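A.B. asks: what's the 3D shape of this:
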Amino acid sequence: MNGVYINTSQNVVIDYNLADIGNRVLARLLDRVFTVAYMIILYLLFLAVSANDEVSSYSENIVVEWIVFSVIMLPIIFYSLWAPYFMQGQTFGKKILKIKIVKADGSEASFGTYFIRWLLNVVDSIFYGVVGLVVMSSTKRRQRVADLVAGTVVISTKQTIRVDQTILSEIGENYQPTFTQVLQLSDRDLQIVKTSLERAKATLDFDLARKLRNKVESVICEYKPELSDIDYVETIIRDYQYFSQQ
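C.D. replies: Below you'll find the predicted structure:
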């Protein structure tokens with residue numbers, strides 16, 4: 001299996017590719033660079049401040065230094081826990097490489113999920129990360145030990161879209177748009193709508209077509225009850241292309 005299916009808030013299923021092992025390793029290296037840089041900068045700042053303190057005794061300075069060092073280290077120790085939790089499945093390195101942690105069923109991971117991954121990072125890091133790399137290379141979904149136990153996968157957020165999957169469709173030179181507020185939707189919204197409409201038509205899923213229409217109507221606040229659900233959504237796609245090309 002080369003991907004994972006994500007169910008969006010619009011009840012639309014998107015197929016994401018699994019993150020490359022190389023990108024995952026590079027993201028981890030970038031995170032190491034960031035954490036080391038953070039530690040060095042803060043410690044140098046502390047030394048600069050403490051150098052001006054001539055009143056405190058040597059023993060007092062040692063105690064303060066250990067306290068400051070401990071405070072500096074806390075964000076680093078818990079980095080792989082707090083970063084993905086507050087950054088929706090990403091660390092700074094993952095964000096740069098456009099990869100993300102999600103549950104294997106496509107749902108958003110919880111704090112408990114990230115906590116399990118954080119605990120098991122110790123196992124994956126044995127022999128300088130060799131254990132995690134070997135396990136990741138031998139599983140279908142490129143999962144490390146932490147991923148297998150926590151039930152997570154790492155996906156690429158970069159969508160590879162073929163020409164026939166774009167939101168563009170053929171419209172005539174004399175085309176007259178029906179809806180005037182379609183540009184309130186984004187390119188990504190339209191891609192999701194078009195992909196889902198094709199799926200609804202292929203599977204005769206009229207309930208999905210209705211949900212798509214309701215979602216679009218709630219955004220652009222334009223209603224055409226005389227149009228069927230499929231005709232409504234198809235018109236939205238054509239009108240969006242028309243206005244985006246003006």
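A.B. asks: immediately after the helix ranked longest in the chain, which helix or strand?
C.D. replies: Taking DSSP state H as the criterion, the chain has its longest helix at helix 21-50. Elements were assigned by DSSP states H and E; along the chain past helix 21-50, the next helix or strand is helix 58-77.
A.B. asks: Would you indicate which residues of that next one are buried?
C.D. replies: Buried residues in helix 58-77, counted by 16 or more other CB atoms under 10 Å: 68, 72. Using the backbone N, CA and C atoms, a C-beta is placed for each residue, glycine as well.
A.B. asks: C-terminal to that helix, which secondary structure element comes first?
C.D. replies: With elements assigned by DSSP H and E, the helix or strand that comes after helix 58-77 is helix 79-86.
A.B. asks: orientation of that following helix relative to helix 21-50 in degrees?
C.D. replies: Orientation of helix 79-86 against helix 21-50 (axes from the mean of the first three to the mean of the last three CA atoms, to 10 degrees) gives an angle of 110 degrees.
A.B. asks: Might you report the residue contacts of the nearest residue to residue 105 once chain neighbours are set aside?
C.D. replies: Spatial nearest neighbour of residue 105, excluding adjacent residues (CB to CB, 6 or more residues apart in numbering): residue 151 at 7.7 Å. By CB atoms under 8 Å, 6 or more residues apart in numbering, the residues touching residue 151 are 103, 104, 105, 113.
A.B. asks: Could you report the distance from the first one to residue 86?
C.D. replies: Residue 103 is 17 Å from residue 86, where distance means CB to CB, to the nearest Å.
A.B. asks: With residue 77 instead?
C.D. replies: The gap separating residue 77 from residue 86 is 16 Å, by CB to CB.
A.B. asks: Likewise for residue 206?
C.D. replies: 40 Å.
A.B. asks: Mind checking which of these two has more residues around it?
C.D. replies: Neighbour count, other CB atoms under 10 Å: between residue 206 and residue 86, residue 206 has more, with 13 against 10.
A.B. asks: which secondary structure element contains the residue nearest the centre of the chain?
C.D. replies: Centroid check for the chain by CA atoms, centre = their mean gives residue 100 as the closest residue, at 4.3 Å. Under the criterion of DSSP H and E, residue 100 resides in strand 99-103.
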